[in-house]
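[1] Pasting the sequence and the predicted model now:
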Amino acid sequence: MIAEEYLGRSRLFRRLKSGPHGQLVELYADRLVKDGLARHGTWRCLSLIGDLLSWIARSRSKLTNLDERMVERYLRHRARKQSIQPGDRAALKRFLSVLRDACMIAPATLPPISPQDQIFAEFADYLHRERGLAPRTIISHLPVIRRFLREVCPAGASDLGKISQEDITRYIERHARDWSAVYGKVMCWSLRTFLRYLHHSGLNPLALAGCVPSIRRWRLASLPTYLSAAQVQKVLDRCDRATALGRRDYAILMMLAKLGLRANEVATLTLDDIDWRSGAMLVRAKGRQRVRMPMPPDVGAAIVAYLRDGRPTSSCRRLFLRTLAPNVGFASGCAITMIAKTALERAGIRGYAHQGAHIFRHSLATELLRSGATLSEIGQLLRHGSHDTTRIYAKVDIEALRTLSLPWLGGVQ
């Protein structure tokens with residue numbers, strides 16, 4: 001039972017609506033309906049808000065003073081009597097949003113910005129404006145730069161011009177072995193980018209990017225992790241397509257397995273990206289590419305089944321939505337990765353180095369190569385920016401590699 005049906009029968013809702021804050025309760029109920037909460041979630045939210053309003057009245061506080069700090073005080077009071085449920089904070093946050101939309105309480109106060117955060121904000125603006133990087137790529141620099149600034153520039157912007165080559169070398173010596181070689185390369189990449197920004201913007205007179213050493217790691221040294229065609233089919237078959245959740249996950253997995261889409265590419269698909277007349281879809285790929293791809297009939301059938309009998313009613317234009325309220329699109333590709341990981345575990349497929357969405361991309365490329373497709377064709381399908389990225393799949397075609405090996409003593413290749 002959805003929120004709208006529950007509210008029509010709820011005595012709790014009628015009681016709160018007839019109280020002194022009935023108008024606010026109605027506004028909050030409208031938000032619950034819009035977010036598509038189920039019966040139990042709607043009851044929990046209304047019960048929580050009713051208790052909050054009673055607590056405000058008993059403590060002789062004013063509703064107009066309600067903010068995040070008062071909400072925390074209320075939760076501490078409530079925790080003395082009963083346990084705080086996982087959705088309680090979200091319900092109270094939703095109530096604050098309703099009150100602010102109605103201009104009944106003050107806007108949320110922004111936390112103070114630290115000197116390091118201010119530096120990174122200007123650095124991020126430079127990367128977006130001058131370098132054209134996507135927000136996700138910019139955020140990936142944040143952990144490294146924040147740690148670097150905390151150690152090397154504790155006073156903030158006033159120390160940026162004092163950074164020297166010795167500071168860079170000592171910092172990398174301290175932290176290059178903290179984690180893996182991959183992390184070491186990422187750390188050096190972020191530092192070079194940041195040091196170029198400092199010199200470009202005149203914050204440091206020295207061009208220090210060249211002082212950052214390279215972390216040795218052999219290119220193309222590893223093999224791609226992939227599944228056999230039978231394993232991929234097993235994962236697809238284990239989806240329970242009798243449920244809305246199963247139909248959604250099956251359509252997502254079909255896109256990963258049959259088209260080789262990346263997790264973020266699936267998450268950002270919208271209803272407007274699918275051209276049903278031509279049987280094609282528009283994919284937002286890496287590097288701000290917008291690629292038009294054909295949609296195989298089995299993938300199209302899986303999407304149609306989800307749209308007809310699985311997708312919640314929502315104003316959101318994203319193709320795939322959360323099944324839990326609010327019914328909106330996924331925040332990032334991480335949700336797609338978790339769906340793929342859960343599907344692999346459900347099929348009993350374990351023990352692989354990579355257990356996520358990308359393993360389906362590797363599996364598709366491997367299967368295409370063994371079926372006779374060229375590396376150029378595979379790179380075009382997977383939208384690789386470099387031939388070197390596609391070349392790694394040549395290692396998995398053992399039978400083709402046998403023809404290149406030199407004869408061994410005894411005549412065995």
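    In hand now; what should we look at?
[2] any idea where the helices of the stretch 201-350 of the chain begin and end?
    229-237, 244-259, 263-267, 297-309, 334-346 (DSSP state H, counting those that start in this stretch).
[3] just so I know, which of the ones you listed lies nearest residue 327?
    Of all the helices of the stretch 201-350 of the chain, helix 244-259 sits nearest to residue 327, with 10.9 Å by CB to CB. Backbone N, C-alpha and C define where each C-beta goes, glycine included.
[4] Same question for that closest one: list its buried residues.
    Buried residues in helix 244-259, counted by 16 or more other CB atoms under 10 Å: 246-259.
[5] which residues are in contact with that helix?
    232, 235-236, 239-241, 261, 263, 266, 293, 295-296, 298-299, 302-303, 305-306, 309-312, 320-321, 323, 336, 339-340, 342-343, 357, 360-361, 363-364 (CB atoms under 8 Å, 6 or more residues apart in numbering).
[6] and that helix, what's its mean pLDDT?
    Mean per-residue pLDDT for helix 244-259: 94.
[7] what's the angle from that helix to helix 229-237?
    Computed by axes from the mean of the first three to the mean of the last three CA atoms, to 10 degrees, the angle separating helix 244-259 from helix 229-237 equals 150 degrees.
[8] How far off centre is helix 244-259?
    Its chain's C-alpha centre and that of helix 244-259 lie 17 Å apart, by CA atoms, centre = their mean, to the nearest Å.
[9] Same check on stretch 274-285?
    Centroid separation for stretch 274-285 versus its chain: 22 Å, with CA atoms, centre = their mean.
[10] what comes up buried for that stretch?
    Those would be 274, 281, 283, 284, 285, for stretch 274-285 by 16+ other CB under 10 Å.
[11] for those residues, which one is nearest residue 62?
    Closest to residue 62 out of the buried residues of stretch 274-285 is residue 284 (47.0 Å), distances taken as CB to CB.
[12] In terms of pLDDT, where does that closest one sit?
    86.
[13] how close does it get to residue 32?
    As judged by CB to CB, to the nearest Å, residue 284 and residue 32 stand 32 Å apart.
[14] Relative to residue 311, how far out is the residue lying closest to residue 236 once chain neighbours are set aside?
    Spatial nearest neighbour of residue 236, excluding adjacent residues (CB to CB, 6 or more residues apart in numbering): residue 253 at 5.8 Å. Relative to residue 311, residue 253 is positioned 16 Å away (CB to CB).
[15] And for residue 298?
    From residue 298 to residue 311 the distance is 19 Å (CB to CB).
[16] Format the buried residues of helix 244-259 as JSON lines; extra columns: distance to residue 68.
    Converted to JSON lines, those look like this (distance: CB to CB, whole Å):
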{"residue": "246", "distance to residue 68": "38"}
{"residue": "247", "distance to residue 68": "38"}
{"residue": "248", "distance to residue 68": "34"}
{"residue": "249", "distance to residue 68": "35"}
{"residue": "250", "distance to residue 68": "40"}
{"residue": "251", "distance to residue 68": "38"}
{"residue": "252", "distance to residue 68": "35"}
{"residue": "253", "distance to residue 68": "39"}
{"residue": "254", "distance to residue 68": "42"}
{"residue": "255", "distance to residue 68": "39"}
{"residue": "256", "distance to residue 68": "39"}
{"residue": "257", "distance to residue 68": "44"}
{"residue": "258", "distance to residue 68": "46"}
{"residue": "259", "distance to residue 68": "43"}
